[in-house]
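S.K.: Give me a model of this one.
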Amino acid sequence: MVNWRPFSNHRGGRAAAALIGTAALAACGGGIAAASSAGRTSPSTTLSTATQWPAYLNGPAHTSYSPDEKAITTRNAGKLVLKWHDTPGVSYQASPTVADGSVFIGSDAGWFYQLNPTTGAIVHKRFLGQLPTGTCYGPEGVTATATVAANPQTHRLTVYVGGPKGYLYAFSASNLKLEWKAVIGIPSGTNYYDWSSPTVANGKVYIGVSSDCEQPAVRGAVIAYSQVTGKKIAAFYTEPKGVLGGGIWSSVAVGGNGDVYASVGGGPFTAPKTDYSDSIIKLAPGTLKLLASWQVPASGIDFGGSPVLFGSYVGACNKDGVFYALKQKSMTLAWKRRIGAVYDPSEAEAECNGAPAYNGKDLFFAAGAVSIKGTSYRGSVQERIPSSGKLVWETGLPEGVTGSPTLDGAGVLTIGTYDNGPSANETYLVNADTGQMIDPLVSGLDFAQSVFADGWLFTANSDGVYAWAPRPPH
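M.R.: This next block holds a predicted model:
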C-alpha cells in the first residue's frame, strides 16, 4: 500500500512562506470565533439561477461544468482582467463556492470567509481552527470546500463546511451565523482530519471520514446527517470495527435516484486491500447500506479522487494513474485508461486525485506525468470519449496537476498545477475543443478548483483568492 499524499511536500517553497505569514492570523482565534466587517444580513431563500457554483465540483454529480456560463470565451479568455485579489499571502487548498451573492472559502490558516464577489471585501468570517505544527504537513486549516443549499424546512440558504477540528458546520448564508454543528471525528494528535467536502442531496449531508495522512490512520467511513438539524442518520464503515484504514479523502457523489458513490483509500499497512479499501462503493440513500462495490486490481493503489457520474457510468482516478469507469447499475468495470504516471512518493510530480469535467458529451481530465509523441511532461490536460475512454486530444503541461479541471459553456477549461518541480506553478486556460493553450492566468501552487460564476472566473492558490472578468469592449 502507498499512503495518500495529496499535497506531497507541499509545505515547502512558496506554500511554506505563505503559511508563515498567516500564523499570527490563525493564532488569534479559538473555537469558532466570528468577525464581521460589513454587508448583507437579510436571509435569501433561493439560488439565483444558473450562474452560481454552489458546491465542490459544482454539485452532487461532480460534473465540474457550468453550461450557462458563456461570458468567458476562447476568444477573450487570454485577456481577462483581474478585478480583485483578496487575502494575499494566505494559502488556500479549498475551492471558492459562489452562491447567494457571495464567495465562500476556507483558508489554510483556519478562517472561513464570506467575500463580496465584486470587490473581494470580507463580509463575514469565522475561525474554524487549525491543526498544530507536528501533523504530517504542518499546520492544517480548512481544506474542504463549502456547499450552499436551501434548508428543506426553513427554505433559507445554508452553508455547509467541514473544519479541521472534527466538526461539520451549518452556517446561515446571509451572515455565517451558526445553525448547527455535528461531529465527524474529533482529532487527537494527527489522526482525524476532514479532507472531504460535504455533498448535499435529498435533505441529507454526506461526508467522508479520513485521517490527516494516515499517521496514524482512522477507520474510514461515509456519514449521513440531517440537513435540517445535523443529526447523524447513518454511517457506512469501510473496515471492520477495530481496523484502521479505508479513509475517504474525497467527496461522495449522489445520483439522480439518490444512490451514494464514494472512492476509498488504502487499508492497513499490513493488509492494504481489506474489506472495501481501494474501492469504489455504491450505498443506499439515507441508510448507507452497501449496494455494490468494485475494488482495483492488485496493481492498483488507493483512491484520492472524487467519483464523477457521467451517463450510465461512475468513475474515479486512482493513484496508479488509471481512471476506472464502472457501470452504475452493476458496478462492474466498463473501461480503464491511463491518465498519468503511477504516483511515486520519491518524486515531486503530482498524482491523479482530480475528477474530470463532464459536459454531457466528453470527459476532460488533468493529471500527472505523461509522454506525448516521445516528449515527457510533468502534467497534462486531455479530452476523452465517455463510452470508451478513447483519447481525443492531449496537451502537455510543465507542472503536474493534483486538483480538478473546470469547464464553462463557451468551451474554456481551467487547470491549476500543484507540483514541487523546477517550474513555477500556474493556473492555465485551455480551449476545450482543440486542447490549445490560451493563457497562463496566474502563478502559484494551485490545488483549488477554479469556478465560473456570474460571468467571472474565481480562483484560489497559495497567495490568496482572485476574481477575473472579460475585458470590456472598447
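S.K.: What separation do you get for residue 341 and residue 409?
M.R.: Summarising the geometry, the distance separating residue 341 from residue 409, computed by C-beta to C-beta, to the nearest Å, is 32 Å. In short, each C-beta sits where N, CA and C put it, glycine included.
S.K.: The two - which one has more neighbours?
M.R.: With other C-beta atoms under 10 Å as the criterion, residue 341 and residue 409 differ in neighbour count, and residue 341 comes out ahead with 22 against 17.
S.K.: okay, now the closest residue to the more buried one other than its chain neighbours: neighbour count?
M.R.: With C-beta to C-beta, 6 or more residues apart in numbering as the criterion, residue 341 has its nearest non-adjacent residue at 3.9 Å, and that residue is residue 369. Residues contacting residue 369 under the criterion other C-beta under 10 Å number 24.
S.K.: so residue 369 makes contact with residue 340?
M.R.: Yes - applying C-beta atoms under 8 Å, one finds residue 369 in contact with residue 340, separated by 5.8 Å.
S.K.: Which residues are in contact with each of those two?
M.R.: Taking C-beta atoms under 8 Å, 6 or more residues apart in numbering as the criterion, residue 369 and residue 340 both touch 379, 400.
S.K.: Run through this structure and note the low-pLDDT ranges.
M.R.: Applying pLDDT under 70 to the chain picks out residues 1-50, 133-138, 189-190, 269-273, 346-349, 474.
S.K.: where along it do the helices fall?
M.R.: For the chain, applying DSSP state H gives helices covering 13-27.
S.K.: Spatially central, which residue of it would that be?
M.R.: Nearest to the mean C-alpha position of the chain, counting by C-alpha atoms, centre = their mean, stands residue 56 at 5.5 Å.
S.K.: Please report the distance of that one from residue 320.
M.R.: In this structure, residue 56 and residue 320 are 24 Å apart, going by C-beta to C-beta.
S.K.: sorry, back to before: you'd agree the residue nearest to the centre of the chain is up against residue 147?
M.R.: Yes - look at residue 56 against residue 147 with C-beta under 8 Å: they come within range, at 6.9 Å.
S.K.: Could you name every residue contacting both of the two?
M.R.: In terms of C-beta under 8 Å, 6+ apart, residue 56 and residue 147 are both contacted by the residues 97, 197, 199.
S.K.: and these, which of them are in strands?
M.R.: 97, 199 (DSSP state E).
S.K.: List buried residues within the shared contacts of residue 56 and residue 147.
M.R.: Buried positions within the shared contacts of residue 56 and residue 147, assessed by neighbour count (16 or more other C-beta atoms under 10 Å), are 97, 197, 199.
S.K.: out of those, who's nearest residue 427?
M.R.: Checking these against residue 427 by C-beta to C-beta gives residue 97 as the nearest, at 17.5 Å.
S.K.: In contact with that closest one, which residues?
M.R.: When contacts are counted by C-beta under 8 Å, 6+ apart, residue 97 touches 53-56, 103-105, 145-148, 159, 451.
S.K.: Farthest pair within those residues?
M.R.: For the contacts of residue 97, with distances taken as C-beta to C-beta, the pair at the greatest spread is 159 and 451 (15.2 Å).
S.K.: And these two? Which one has more around it.
M.R.: Remark: of residue 159 and residue 451, residue 451 carries more neighbours, 29 against 26, as counted by other C-beta under 10 Å.
S.K.: I'd like to know how far that one sits from residue 307.
M.R.: Distance, residue 451 to residue 307, using C-beta to C-beta: 19 Å.
S.K.: Please apply the same query to residue 100.
M.R.: For residue 100, the distance to residue 307 equals 27 Å [C-beta to C-beta].
S.K.: got it, and residue 117?
M.R.: Residue 117 sits at a distance of 29 Å from residue 307 (criterion: C-beta to C-beta).
S.K.: related to what we said a few turns ago, what sits against the residue nearest to the centre of the chain?
M.R.: For residue 56, counting by C-beta under 8 Å, 6+ apart, the contacting residues are 62, 95, 97, 144-145, 147, 197, 199, 251, 306, 449.
S.K.: beta partners of residue 381?
M.R.: Here residue 381 sits in beta bridges with residue 366, residue 395, going by DSSP bridges.
S.K.: Can you give me the neighbour number for it?
M.R.: The burial count assigned to residue 381 is 25, neighbours taken as other C-beta under 10 Å.
S.K.: do the same with residue 205
M.R.: Applying other C-beta under 10 Å, we find 24 other residues in the vicinity of residue 205.
S.K.: With the one 3 residues further on instead?
M.R.: Burial of residue 208 is recorded as 29 neighbouring residues (other C-beta under 10 Å).
S.K.: just checking, it touches residue 224?
M.R.: No - applying C-beta under 8 Å, one finds residue 208 not in contact with residue 224, separated by 11.3 Å.
S.K.: So the residue nearest to the centre of the chain versus residue 328, what's the distance?
M.R.: Distance of residue 56 to residue 328, computed by C-beta to C-beta: 20 Å.
S.K.: What of residue 426?
M.R.: 35 Å.
S.K.: what do you get for residue 131?
M.R.: Separation of residue 131 from residue 328 (C-beta to C-beta): 36 Å.
S.K.: before we move on, what about residue 104?
M.R.: Counting by C-beta to C-beta - residue 104 and residue 328 are separated by 31 Å.
S.K.: Comparing the two, which residue is more hemmed in?
M.R.: Per other C-beta under 10 Å, whichever of residue 104 and residue 328 has more neighbours is residue 104, with 26 against 20.
S.K.: and that one, how far is that from residue 70?
M.R.: Here the criterion is C-beta to C-beta. By it, residue 104 lies 24 Å from residue 70.
S.K.: same deal with residue 439?
M.R.: Plainly put, residue 439 is 18 Å away from residue 70 if you go by C-beta to C-beta.
S.K.: now residue 157
M.R.: In this structure, residue 157 and residue 70 are separated by 25 Å, where distance is defined by C-beta to C-beta.
S.K.: what's the answer for residue 142, then?
M.R.: In this structure, residue 142 and residue 70 are 31 Å apart, going by C-beta to C-beta.
S.K.: Just want to know which of those two has more residues nearby.
M.R.: Comparing residue 142 with residue 70 by other C-beta under 10 Å, the one with more neighbours is residue 142, at 29 against 15.
S.K.: What are the boundaries of the strands in the stretch 201-350 of the chain?
M.R.: 204-209, 221-226, 232-237, 253-254, 260-263, 279-283, 290-295, 308-310, 313-317, 322-327, 333-338 (DSSP state E, counting those that start in this stretch).
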